[in-house]
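Student: generate coordinates for the sequence data below:
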Amino acid sequence: MNPIIAITIGDPAGIGPEVTAKALGHDEVWACCRPLVVGDAGVMRRAAALVGCPAGLHAVSDPTEARYDPAAPDVLDLANVDAAVQPGVVSAAAGRASAAYIERAVELARKGQVAAIATGPINKAALKAARIPYIGHTEMIAELLDSPPVTTMLATEGLRVVHVTRHVALADVAKAITRENVLATVRLTDAGLRQMGIAQPRIAVAALNPHGGDEGLMGREEIVAIGPAVEEARAEGIAATGPIPADSVFFRAIRGEFDVVVAMFHDQGHIPIKTHGFERSITVTLGLPIIRTSVDHGTAFDIAWKGVASAESMVAAIRLAAELVEGAGG
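Tutor: Next up, the predicted model:
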């Protein structure tokens with residue numbers, strides 16, 4: 001039978017509920033998995049009515065009650081959103097609800113009741129308002145699972161990117177580019193892509209500075225950190241290449257020279273991914289003991305609950321979660 005994929009709806013004030021509802025109307029979702037929405041049934045009913053699909057919803061309190069009927073998709077109902085939560089508005093109530101969906105989905109995956117998780121977008125300001133001590137999904141899920149170091153891979157058609165640093169101020173990035181941090185990211189990337197079925201991942205490692213530092217004229221991170229990390233990775237049998245100037249490495253990856261690019265900081269990797277395939281881009285957390293994919297967009301409060309948000313990223317995240325389960329022998 002197709003794997004059960006838990007789908008969290010994200011922040012209920014954002015576009016997560018409506019893109020989830022739209023995704024449930026796609027035949028390819030039902031062809032690859034048995035979707036179990038984790039959220040609030042009342043919110044999902046409103047979202048389904050807004051976008052006109054699917055026809056109905058089946059609220060359950062336990063996964064064993066799910067029927068996996070495309071005409072009435074199952075929602076594991078946490079019933080935790082106050083009616084006062086307003087679309088497109090940051091609120092502590094929405095932040096608490098979105099965290100609860102993640103916690104429940106992780107619990108289901110840990111117990112083996114679902115094969116993987118595909119997550120909708122959460123809002124950092126809402127989490128902060130709710131005093132949830134995490135900056136995002138990756139950090140929260142890793143701590144819930146008491147996981148070893150993890151990292152996030154962004155992917156769209158023809159391009160994959162992993163970051164050495166993510167939510168770090170640009171002024172602090174250079175201090176975090178150490179041989180140890182770069183090497184750890186390359187190792188996680190290699191192991192993650194092997195788990196996805198790539199026997200010998202070709203890993204391009206981006207430079208931090210313009211022109212790769214110009215032999216130290218514009219920065220020494222390539223000489224003292226990035227280059228040595230690449231050499232050590234190669235000595236371990238990892239097919240790593242770099243440092244490669246960031247103004248060419250992504251083009252070379254899209255052209256097919258590499259399976260993945262290790263970027264040094266958030267925007268260095270996010271900009272090419274979102275330029276190359278914004279609506280289709282997704283994320284995968286590497287290093288977790290469970291499979292977790294996610295949409296690669298935010299809560300989009302400016303268009304939330306208007307019915308116009310694209311579900312392409314959510315469909316792609318669900319589909320990849322199912323493919324990873326199959327690849328892992330699930």
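
Student: distance of Thr178 from Ala191?
Tutor: From Thr178 over to Ala191 the distance is 20 Å, taken as Cβ to Cβ, to the nearest Å. Placement of C-beta: from N, CA and C, glycine included.

Student: who has more neighbours, those two?
Tutor: Thr178 (17 against 14; other Cβ atoms under 10 Å).

Student: the more buried one contacts Ala225, doesn't it?
Tutor: Yes: here Thr178 reaches Ala225: they are 5.3 Å apart, a contact under Cβ atoms under 8 Å.

Student: residues near Ala21, how many?
Tutor: Neighbours around Ala21, by other Cβ under 10 Å: 28.

Student: wait, is it part of a helix?
Tutor: Yes: assessed with DSSP: H, G, I helix; E, B strand; the rest coil, Ala21 lies in a helix.

Student: hmm, it is touching Arg46, no?
Tutor: No: judged on Cβ under 8 Å, Ala21 makes no contact with Arg46 at a distance of 9.2 Å.

Student: check contacts around Lys274.
Tutor: Counting by Cβ atoms under 8 Å, 6 or more residues apart in numbering, Lys274 makes contact with Ser281, Asp296.

Student: try it again with 7 Å
Tutor: Under the criterion of Cβ atoms under 7 Å, 6 or more residues apart in numbering, the neighbours of Lys274 are Ser281.

Student: look up how far Leu188 lies from it.
Tutor: Taking Cβ to Cβ, one finds Lys274 at 22 Å from Leu188.

Student: again, but for His266
Tutor: 17 Å.

Student: what of Val182?
Tutor: 11 Å.

Student: out of these two, which sits in the busier spot?
Tutor: With neighbours defined as other Cβ under 10 Å, Val182 and Leu188 compare such that Val182 has more, 28 against 20.

Student: and Ile5, that's in a strand?
Tutor: Yes: looking at Ile5 with three-state DSSP, it is inside a strand.

Student: count the neighbours of Ala176 for me.
Tutor: 14.

Student: for the closest residue to it other than its chain neighbours, give me its contacts.
Tutor: Spatially, and ignoring its direct neighbours in sequence, Ala176 is nearest to Thr165 (4.8 Å; Cβ to Cβ, 6 or more residues apart in numbering). By Cβ under 7 Å, 6+ apart, the residues touching Thr165 are Val173, Ala176, Met264, Phe265, His266.
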